[in-house]
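> any chance you could fold what I've pasted below:
(one chain, ligands or ions: 1)
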Amino acid sequence: MNRPLGIAVIGTGKMGADHVRRIDRAVSGARVVAVADLDAERVKDLASRIEGCTAYTDPVAAMAAPGVDAVLIASPGPAHEAALLEAFARDLPVLCEKPLTPDSASALRVLEAEQRLGHRRVQVGFMRRYDAEYLRLKSLLDSGEFGRPLFLHCRHRNASSPSFFTTRMLINDSVVHEVDAARWLLAQEITAVSVLRPMPSSAAPEGLRDPQLVLLETSGGAIVDVEIFVNCGFGYQVQCEAVCEAGSARIGDGHAMVTQAAGRWGGEIPQDYVVRFADAYDRQVQRWVDATRQGRVEGPSSWDGYAAAAVCEAGVRAQETGARASVELIGLPALYR
Ligand code: ISE
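Modelled structure (predicted):
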């Protein structure tokens with residue numbers, strides 16, 4: 001393809017608007033030609049700031065707009081299945097924000113529809129796979145230099161949670177990142193999930209069981225523990241330490257710059273993921289655009305989205321029953337091998 005890739009962005013909340021800005025300003029070889037959102041004022045305002053971009057309140061109309069070659073789905077998770085099936089009906093390449101869908105049954109329907117198309121169309125927005133620190137950890141683990149990984153100790157902290165956040169979303173919306181990162185870093189499936197819940201923090205909104213400790217068991221015998229704390233108050237922190245047989249490696253300490261003054265030392269903690277993972281999001285979208293223009297699909301697949309949804313479903317069961325929950329996965333279809 002010689003001209004820029006024409007993209008329809010579906011959903012223009014925090015993440016969608018950030019992607020629109022990114023495609024407009026930071027990514028080469030692409031332009032936003034259509035944006036869709038249920039909030040007519042918001043979407044109109046956003047489109048008015050992008051040359052050649054039209055606003056829609058209906059995602060189907062946005063995908064059918066002139067000049068659309070590909071779709072970026074950034075609407076809330078429950079709206080993803082319908083948007084994905086619509087994109088498949090038009091055989092359009094898709095970058096779909098995580099989670100692929102909120103449960104394994106709907107993720108399976110997406111997986112089946114993509115297999116009926118006969119070729120991969122979806123890259124799932126697990127952006128940590130494009131983060132420089134995660135990429136370094138991945139190549140260290142793949143090199144085998146430190147032996148086999150035994151533990152991943154993960155911390156995932158948000159300064160505060162949005163008003164619509166539910167206890168299940170701690171797993172489905174937040175820990176889903178560690179689920180994908182662990183599957184990718186270890187190249188293993190997750191087989192069981194347990195969840196422990198201390199008393200809720202007094203900073204947690206009424207009814208939200210925050211924080212929690214999530215334990216993932218893997219097919220290769222590693223253990224992953226995740227502290228998820230979405231109202232920690234002090235900032236956005238994502239850390240991961242891999243403990244291997246002959247060494248350990250930690251990322252996410254945020255020591256890019258350490259200051260020393262007036263008898264103290266310190267640094268800055270980003271306040272949210274749009275800032276902490278800005279480079280990863282840029283790289284993810286640029287790679288998607290480049291691959292799409294060359295007629296290729298790469299990155300996390302619908303299979304990865306389905307596997308993450310199945311693990312999260314077990315996680316929610318473990319959260320609600322207090323018991324260890326096994327993960328049920330179908331066999332890996334040929335399209336994703
Ligand atoms: C949000 O949707 C994200 O994807 C962030 O990376 C995560 O830290 C946050 O907890 C989620 O709600």
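> quick check: residues of the stretch 151-300 of the chain near the ligand?
For the stretch 151-300 of the chain, the contact set with the ligand under C-beta under 6 Å from any ligand atom comprises 158, 173-174, 177, 230, 273. Yep, even glycine has a C-beta here, placed from its N, CA and C like the rest.
> so which of those are in helices?
Of those, the ones assigned to helices by DSSP state H are 177, 273.
> need the residues of the stretch 151-300 of the chain next to the ligand in TSV with neighbour count, can you?
Converted to TSV, those look like this (neighbours: other C-beta atoms under 10 Å):
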residue	neighbour count
Asn158	23
Asp173	20
Ser174	24
His177	22
Val230	24
Tyr273	20
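> quick check: pLDDT value at Ala256.
pLDDT, Ala256: 84.
> and it, helix, strand or coil?
Under DSSP: H, G, I helix; E, B strand; the rest coil, Ala256 falls in the coil class.
> Ala107 and Glu114, how far apart?
From Ala107 across to Glu114, the span is 11 Å (C-beta to C-beta, to the nearest Å).
> what touches both of these two?
Common neighbours of Ala107 and Glu114, counting by C-beta atoms under 8 Å, 6 or more residues apart in numbering, are Ser302.
> distance between the ends of stretch 84-93?
With C-alpha to C-alpha, to the nearest Å as the measure, stretch 84-93 spans 10 Å from end to end.
> brain fart, stretch 251-265
Distance between the two ends of stretch 251-265: 20 Å, counting by C-alpha to C-alpha.
> if you count neighbours, what's buried in that stretch?
Buried residues in stretch 251-265, counting neighbours by 16 or more other C-beta atoms under 10 Å, are found at 251-252, 254.
> look up the closest residue to Gln115, ignoring the ones flanking it.
The shortest distance from Gln115 to any residue other than its chain neighbours is 5.3 Å, reached at Leu335 (C-beta to C-beta, 6 or more residues apart in numbering).
> in the stretch 51-200 of the chain, what residue comes closest to the ligand?
In the stretch 51-200 of the chain, the residue that lies nearest the ligand is Ser174 (3.4 Å; C-beta to the nearest ligand atom).
> right, and that residue touches Ile228 too?
Yes. Counting by C-beta atoms under 8 Å, Ser174 does reach Ile228; the two are 5.4 Å apart.
> list the residues that contact both of the two?
Common neighbours of Ser174 and Ile228 (C-beta under 8 Å, 6+ apart) are His156.
> tell me the one of the buried residues of stretch 251-265 nearest the ligand?
The closest of the buried residues of stretch 251-265 to the ligand turns out to be Gly252 (C-beta to the nearest ligand atom; 12.0 Å).
> residues contacting the closest one?
By C-beta under 8 Å, 6+ apart, the contact set of Gly252 is 133, 155, 237-240.
> distance of the residue lying closest to Thr259 once chain neighbours are set aside from Gly254?
Counting by C-beta to C-beta, 6+ apart, Thr259 lies nearest to Gly266, which is 5.6 Å off, once chain neighbours are set aside. Using C-beta to C-beta, Gly266 is found at 11 Å from Gly254.
> output the contacting helices and strands for the longest helix that the chain contains.
Counting residues, the longest helix found in the chain (DSSP H) is helix 302-321. Contact partners of helix 302-321 among helices and strands, from 3 or more C-beta pairs under 8 Å, 6 or more residues apart in numbering; DSSP states H and E: helix 104-117, strand 122-125, helix 167-169, helix 176-186, strand 190-196, strand 212-218, strand 325-326.
> of all those, which lies closest to Pro76?
Across the helices and strands packed on helix 302-321, Pro76 has its closest neighbour in helix 167-169 (10.6 Å, C-beta to C-beta).
> picking up where we left off before, from the ligand, how far out is the residue nearest to Thr259?
Going from Gly266 to the ligand by C-beta to the nearest ligand atom, to the nearest Å gives 23 Å.
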